[in-house]
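Peer 1: okay, sequence plus prediction incoming.
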Amino acid sequence: MPGREECEVALLTLRVAVCAVAWVFPLALCCGWLLARRRFPLRSLVETVLLLPLVLPPSALGFLLLWLLSEQSCCGRALRACGLDPLFTWQAAALASGVIAFPLMLRFCQAGFQSVDRRLESMARTLGASPPRVFVAVTLPLARRGLLAALVIGFARAISEFGATLIVAGNIPGRTRTLPLAIYSSLLTGEDALALRFAALSLALALLALILLRRLEPAAEGER
Amino acid sequence: MRRLAALLLALVPCACARPGGEVILLAAASLEPYLGPLLAEHRGVRVAYGASGALARQMEQGVPAEIVILADPQDGERLSRQGLLEEGSLAPFLRNRLVLISARPELRERRLALEDLPAAPLRRIAVGDPDLAPVGRYAREALAARGILEALGPRLVPVQNAPAVWSAVSALACDAGFLFPTDIVAPERVGILCEVDPSLHRPIVYVIGLRRGASSPARALYEEICSPAVRAKLVAAGFLPPGGE
């Protein structure tokens, strides 16, 4: 049975991952829709830049975020002036995990929107539905499989985030030590059994996410 | 495509090759900027740097290191007790001091006494992770001796090792940090707020040890690192000699 420490770490990991997905999903949704539906200048450049976190080493991204959030940059100074100081907090971990998960979520959202039959949308339009209503009543439900996949994949990526999180949020027991960091720390201190328990917890969380995806999408098998 | 595959296949032996007779040396991370250049011309030596607590753990778990240099005698003694080190090979190598530094422009010129820390405008103070990094153990001992460890509580940010304290402070991610003066690789970027009174913590002693049954190249390297010439270079770089004040 997981002890108190393991439960705390798992709960913190969950909180970080849920917040990461929550702040990144709307962005991924908007960007995915734009990339799937709109032609605009420098589109491929924008797409490349948005996908960068997928190919950059997480530590490089962490370094960039650290610079942005610390007082070395005007962004960090502005945050400080507003009384915000997210470095070495779980919020910073959620920010870092969100940035890392963003390209994957974007890809799945984009694919979801691309899978929607445009004719159904124009039909709704000719029947008098306003563009926002078409989006909510036709596009979103038809793209739901891609969007749900984006949520689950983003969540799975966020609970396994290590490199960028270590740099901007540190590895503070009880405050920013998420499951991947706890595995790392317990290996370094030679507590292999504890590392194994943390690894098992990570597995359980990932499996839970995948099972949830299947429960949310019971028709997926039948439609194929 | 085929050429690419051939190239990749050709690289496989390079990646797998591990020349026999290579001496593996584990050394405290705070020695890297100084020991690295001294060992650069040595062929057949592989050095891994890290937090001393983590290095000792790695050796216990079977890393075939033949020489260890650790920043805390406790880690060395643990290895010795387990019979991993050659009888009598564990010896004091160097000593060091502990300072509190800051890279914040408004703090750089200030001097603080340790007991003023709780009231000082420092939101985050980087200290080594006491489980792994001696630099953090010494800092916590000093803070506990002054009775302010509890008061600082959540403002202490544990980081992996001494160089990590430097990067946290110099990147302004932390307002201040406890480290060894030899970790200050760019003195113009920081100010020393406080030189910690050495009587507040255990003496900061680096110890060197040789694995039981080490190879002859490892023995030669151990002798060389312990030689007065090498030590003189390290002392010139800011470390203190092992004996006496």
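Peer 2: That came in fine, so what should we check first? All figures in this text were calculated on a predicted structure; none of them were measured in a lab. Residues are numbered from 1 along each chain as shown, chains lettered A, B, ... in the order given.

Peer 1: ok, B:I125 - contacts?
Peer 2: B:100, B:117, B:152, B:155-157, B:174-178 (Cβ atoms under 8 Å, 6 or more residues apart in numbering or on different chains). In this view, the C-beta of every residue, glycine as well, is placed from N, C-alpha and C.

Peer 1: sorry, slip of the keys, the one I care about is A:E47.
Peer 2: With Cβ under 8 Å, 6+ apart, A:E47 has these contacts: A:L35.

Peer 1: how much space between it and chain B?
Peer 2: 26 Å (Cβ to the nearest Cβ, to the nearest Å).

Peer 1: so that residue sits in a helix?
Peer 2: Yes - under DSSP: H, G, I helix; E, B strand; the rest coil, A:E47 sits within a helix.

Peer 1: and what about B:L100, helix, strand or coil?
Peer 2: Going by three-state DSSP: B:L100 is strand.

Peer 1: check B:A220 too.
Peer 2: Quick answer, by three-state DSSP: B:A220 is helix.

Peer 1: among the contacts of B:I125, which lie within strands?
Peer 2: B:100, B:156-157, B:176-178 (DSSP state E).

Peer 1: run a quick neighbour tally on B:Q74.
Peer 2: 15 (other Cβ atoms under 10 Å in any protein chain shown).

Peer 1: return the list of helices and strands in contact with the helix or strand where it lies.
Peer 2: Assessed by DSSP states H and E, B:Q74 sits inside helix B:73-81. The contact analysis (3 or more Cβ pairs under 8 Å, 6 or more residues apart in numbering or on different chains; DSSP states H and E) places helix B:73-81 against helix B:52-60, strand B:67-70, strand B:205-210.

Peer 1: list the contacts of the first one.
Peer 2: Residues outside helix B:52-60 that contact it (Cβ under 8 Å, 6+ apart): A:188-190, B:26-28, B:48, B:50, B:65, B:68, B:70-72, B:75-76, B:78-79, B:82, B:84, B:131-134, B:161, B:211.

Peer 1: what about that helix, distance to the chain center?
Peer 2: 12 Å (Cα atoms, centre = their mean, to the nearest Å).

Peer 1: could you give the average pLDDT over it?
Peer 2: For helix B:52-60, mean pLDDT is 92.

Peer 1: same thing with the second one?
Peer 2: When pLDDT is averaged over strand B:67-70, the result is 96.

Peer 1: export that strand as CSV, just CAs?
Peer 2: Presented in CSV, the C-alpha positions along strand B:67-70 are these (Å, rounded to 0.1, in the frame of the first residue of the first chain):
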residue,chain,number,x,y,z
ILE,B,67,39.1,6.6,-6.9
VAL,B,68,36.6,8.8,-5.0
ILE,B,69,37.0,12.4,-3.9
LEU,B,70,34.1,13.4,-1.7
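
Peer 1: just checking: what are the partner strands of that strand?
Peer 2: Sheet pairing for strand B:67-70, assigned by DSSP bridges, gives strand B:23-28 (parallel), strand B:205-210 (antiparallel).

Peer 1: so who does the residue nearest to B:L179 when sequence neighbours are not counted touch?
Peer 2: Closest residue to B:L179 apart from its sequence neighbours, by Cβ to Cβ, 6 or more residues apart in numbering or on different chains: B:V165 at 4.4 Å. B:V165 makes contacts with B:126-128, B:135, B:159, B:174, B:177-179, B:183, as judged by Cβ under 8 Å, 6+ apart.

Peer 1: go on, B:R202?
Peer 2: B:73, B:138, B:141.

Peer 1: one more time with 10 Å
Peer 2: B:72-74, B:134, B:137-138, B:141-142 (Cβ atoms under 10 Å, 6 or more residues apart in numbering or on different chains).

Peer 1: A:A209 too?
Peer 2: Contacts of A:A209 (Cβ under 10 Å, 6+ apart): A:17, A:151-156, A:158-159.

Peer 1: flag every residue of chain A that's near chain B.
Peer 2: With Cβ under 10 Å from any Cβ of the partner chain as the criterion, chain A meets chain B at residues A:63, A:66-67, A:69-73, A:76, A:80, A:85, A:87-88, A:92, A:166-177, A:184-192.

Peer 1: those residues, buried ones only, as a ChimeraX selection?
Peer 2: Those of those that count as buried under 16 or more other Cβ atoms under 10 Å in any protein chain shown are selected in ChimeraX with:
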select /A:63,66,67,69,70,71,72,76,85,87,88,92,166,167,168,169,170,171,172,175,176,177,184,185,186,187,188,189,190,191
